[in-house]
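>>> the following comprises the amino acid sequence and a computationally predicted model.
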Amino acid sequence: MEQGTGKEREACFDQAAALLPGELGVAALRLPERTRERAEELRLRVGQPMEVLLPEGEQPVPGGPAEVTAGMLEQVLEVATQASVHTALEQVRAGYFTVRGGHRIGLCGTAVLREGKIHTLRQLSSLSIRIAHSVPGVGRTLLPALRTACGIRDTLILSPPGGGKTTLLRDLICGLSDGVAGPALR
């Protein structure tokens, strides 16, 4: 399966890195081209250096600050939500939210509960930016099995984190709207 060109993946990385403030963003964009093409996540933990997740594991991002601060995490949220954290609050309650380009920001901090439900997060301790990328055609072989005479079958997609659920779902939606293996659907 084709996972997009290296340049396309690098462009996705650069878009995700644009969410990082100041020297964090500069350091991420200075990573070698091959690293940016292969990056899956950018990980920020208070008190530790920023790391990039590659298929073979995590590695520190050189040239950035020695330690990520809580203020830096708050700056990422400000940029990612376009200074409207309250508008993303419903997604934040789930522990992550999706930003332009399909990148997802996972959050870890102290939850404030109201009536047994997460009301908000305080004292962020870490966040990760999962870098979105497309895998064109990944769902094409599955589409004929999902189609019925009346539309599509109810389907549950399961896999561990990072297994490609969202990537598969997006490609399935594209295939259905393009009319792959049957009439185009909305």
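Received the coordinates, thanks. Residues are numbered from 1 along each chain as shown.
>>> is it true that Pro144 touches Ala181?
Yes - counting by C-beta atoms under 8 Å, Pro144 does reach Ala181; the two are 4.4 Å apart. Quick note: C-beta positions are derived from backbone N, CA and C, even for glycine.
>>> in contact with Lys165, which residues?
By C-beta atoms under 8 Å, 6 or more residues apart in numbering, the residues touching Lys165 are 157-159.
>>> neighbour count winner among Pro144 and Ala181?
Higher neighbour count among Pro144 and Ala181: Ala181, with 15 against 10, using other C-beta atoms under 10 Å.
>>> buried sites along the helix or strand harbouring Ile105?
Ile105 belongs to strand 104-114 when assigned by DSSP states H and E. Along strand 104-114, these residues count as buried under the neighbour rule (16 or more other C-beta atoms under 10 Å): 104-109.
>>> immediately after that strand, which helix or strand?
Tracing the chain past strand 104-114, the next element assigned as helix or strand by DSSP H and E is strand 117-130.
>>> so what's Val112 up against?
Applying C-beta under 8 Å, 6+ apart to Val112 gives the contacts 118-122.
>>> recalculate using a threshold of 7 Å.
Counting by C-beta atoms under 7 Å, 6 or more residues apart in numbering, Val112 touches 119-120, 122.
>>> look up the residues forming beta bridges with Arg45.
Beta-bridge pairing for Arg45 (DSSP bridges): Ser126.
>>> ok, how many other residues are close to it?
16.
>>> what ranges do the strands span in the protein?
Using DSSP state E, the strands of the chain run over 41-45, 51-54, 57-60, 96-98, 104-114, 117-130, 147-148, 151-152.
>>> between those, which gets the lowest average pLDDT?
Mean pLDDT per stretch puts strand 96-98 lowest among the strands of the chain, at a mean of 79.
>>> helices or strands up against that strand?
Secondary-structure packing of strand 96-98 (3 or more C-beta pairs under 7 Å, 6 or more residues apart in numbering; DSSP states H and E): strand 104-114.
>>> can you give me the buried ones in the longest helix belonging to the chain?
Among the elements of the chain assigned as helix by DSSP state H, the one spanning the most residues is helix 165-178. Within helix 165-178, the residues that count as buried by 16+ other C-beta under 10 Å are 167-168, 170-172, 175-176.
>>> hang on, the earlier thing: scan the contacts of Lys165 and report the most crowded one.
Counting by other C-beta under 10 Å, top hit in the contacts of Lys165: Ile157 with 13 neighbours.
>>> do you know how far the nearest residue to that residue once chain neighbours are set aside is from Asp14?
Closest residue to Ile157 apart from its sequence neighbours, by C-beta to C-beta, 6 or more residues apart in numbering: Lys165 at 5.0 Å. Applying C-beta to C-beta, to the nearest Å, the value for Lys165 to Asp14 is 24 Å.
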